[in-house]
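Peer 1: Predicted model and sequence follow; I will ask about them next.
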Amino acid sequence: MVRKGLLVGFLLLYFLGTGRSQEPFDLLVRSELARLSASFDAVETLDAKTITLAEGRLMGSPGTLLIAKTQQGRWARMLVSQARQKLEGDKSLPILLVDKFATCMDGEERALTQTGKEVRLFSGFRFSLDLGQVVPAGVPADFVILAEGKGLKIQKEKGSELWIAKQEVVAPKGVKPAAIDVSKPFGPHWFAGHYRLFDDGRRMGRMEIEADKDGNLSGSLFSDKDNKRYDLFGKVAMPNHTAQFTVRFPRSEQFFQAWIFTADGSALVGTTRFGERETGFYATRIKD
């Protein structure tokens, strides 16, 4: 108990920052991509001029927004731009820079199967959004980069679909949790909300927690490591500024013992156990 108390005290002193709000690109969930595709232009090829003219149409994000449906029927999103790769001396080559991409998981709104950023694609490169990487001939790809004049163009592959935004796109607002009214009595409902999780300085993610009047907790953890969603469940304990909850993974579970800041509910801090390893964690409330 002394060791746990020291650990919690250290974490309170180490507590760093505030929650990170989601960017517009991250708010384009699976159903939103399907909806937006109906108002986008379906394309077979995209030349450098078309890509450049469409830059910035996702408000709040640089680059050109593309929506794709992959060889395996998954929805995906990309922000791309034209660039050049410097070589030796004064030489350079045109590249397509994939600033960000994300491929949605089947049957899930926000969980992802693949993500990446700052991918440099040269002429002749074939890219699979299902695998999240450049692939050789013989492996299904969603698009290929081809030379055209002094620039590059994107050519979609047979079996995939590709759309480009033809006007400004405003990303939907994130799901905003109810704010805590600190003038009202403290209670289990204070645990409800969205949090940015920092687990032992090794793992990060987004927790979304709901609490009923009896103090039962439920929700989800969206892991930064694999971008998948995992179920969360637990209960507010005694005293009622503490809670115990579990995140269930496919082959294991992770247990959390948490204390909430009673002044404003801005953070959770405590210990976590994964298998035989016990460490510390903290989570800052996100105000989407």
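Peer 2: Cool, got the structure.
Peer 1: If you count neighbours, what's buried in the host helix or strand of L268?
Peer 2: Secondary-structure element containing L268, defined by DSSP states H and E: strand 267-274. Burial within strand 267-274, assessed by neighbour count using 16 or more other C-beta atoms under 10 Å, is assigned to 267-272, 274. (C-beta placed from N, C-alpha, C; glycine too.)
Peer 1: I'd like the mean pLDDT over that strand, please.
Peer 2: Averaging pLDDT along strand 267-274 yields 95.
Peer 1: That strand pairs with which strands, parallel or anti?
Peer 2: According to DSSP bridges, strand 267-274 forms sheet pairs with strand 253-260 (antiparallel), strand 277-285 (antiparallel).
Peer 1: Please convert the buried residues of strand 267-274 to CSV, extending it with distance to T45.
Peer 2: Shown next, in CSV, are the buried residues of strand 267-274 (distance: C-beta to C-beta, whole Å):
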residue, distance to T45
A267, 50
L268, 50
V269, 53
G270, 54
T271, 55
T272, 50
F274, 48
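Peer 1: Just the helices from this structure, written as ranges.
Peer 2: 2-14, 30-37, 48-53 (DSSP state H).
Peer 1: Could you check how far T70 is from L87?
Peer 2: Relative to L87, T70 is positioned 32 Å away (criterion: C-beta to C-beta, to the nearest Å).
Peer 1: Those two - which one has more neighbours?
Peer 2: When T70 and L87 are compared for neighbours, T70 comes out ahead with 24 against 9, by other C-beta atoms under 10 Å.
Peer 1: contacting residues around the more buried one?
Peer 2: 76, 103, 128-130, 142, 160 (C-beta atoms under 8 Å, 6 or more residues apart in numbering).
Peer 1: swap the cut-off to 6 Å and go again
Peer 2: T70 makes contacts with 76, 129-130, 142, 160, as judged by C-beta atoms under 6 Å, 6 or more residues apart in numbering.
Peer 1: Name the nearest of those residues relative to L232.
Peer 2: Relative to L232, the closest of those is A76; by C-beta to C-beta it sits at 26.7 Å.
Peer 1: which residues pair with the closest one across the strands?
Peer 2: Listed beta-bridge partners, A76: A68, T103 (assigned using DSSP bridges).
Peer 1: How many neighbouring residues does K158 have?
Peer 2: By other C-beta under 10 Å, neighbour count at K158 equals 7.
Peer 1: now the strands: where do they sit in the stretch 51-200 of the chain?
Peer 2: Read by DSSP state E, counting those that start in this stretch, the stretch 51-200 of the chain holds these strands, from start to end of the chain: 64-69, 75-86, 92-104, 112-121, 126-128, 133-135, 143-148, 151-156, 161-164, 193-199.
Peer 1: Can you check what angle separates the third one from strand 151-156?
Peer 2: Read that as strand 92-104. For the pair strand 92-104 and strand 151-156, the angle between their directions (axes from the mean of the first three to the mean of the last three C-alpha atoms, to 10 degrees) equals 30 degrees.
Peer 1: Quick check: pLDDT value at V2.
Peer 2: 43.
Peer 1: I misspoke; the intended subject was D214.
Peer 2: For D214, the model assigns a pLDDT of 90.
Peer 1: One more: L46?
Peer 2: Reading off the per-residue confidence, L46 sits at a pLDDT of 96.
Peer 1: what's it in contact with, if anything?
Peer 2: L46 makes contact with I154, according to C-beta under 6 Å, 6+ apart.
Peer 1: let's number from 53 now, not from 1
Peer 2: In the new numbering, first residue 53, that becomes L98.
Peer 1: hey, what's it bridged with?
Peer 2: Here L98 shows beta-bridge partners I206, assigned using DSSP bridges.
Peer 1: Isn't I232 up against G317?
Peer 2: Yes: in this structure, I232 sits in contact with G317. The criterion is C-beta atoms under 6 Å, and the distance is 4.6 Å.
Peer 1: tell me, what's touching the two both at once?
Peer 2: Residues touching both I232 and G317 comprise W242, with contact defined as C-beta under 6 Å, 6+ apart.
Peer 1: how about stretch 304-314: buried residues?
Peer 2: Taking 16+ other C-beta under 10 Å as the basis for neighbour counts, the residues of stretch 304-314 that come out buried are 306, 308-313.
Peer 1: With adjacent residues omitted, what lies nearest to I119?
Peer 2: W215 (4.4 Å; C-beta to C-beta, 6 or more residues apart in numbering).
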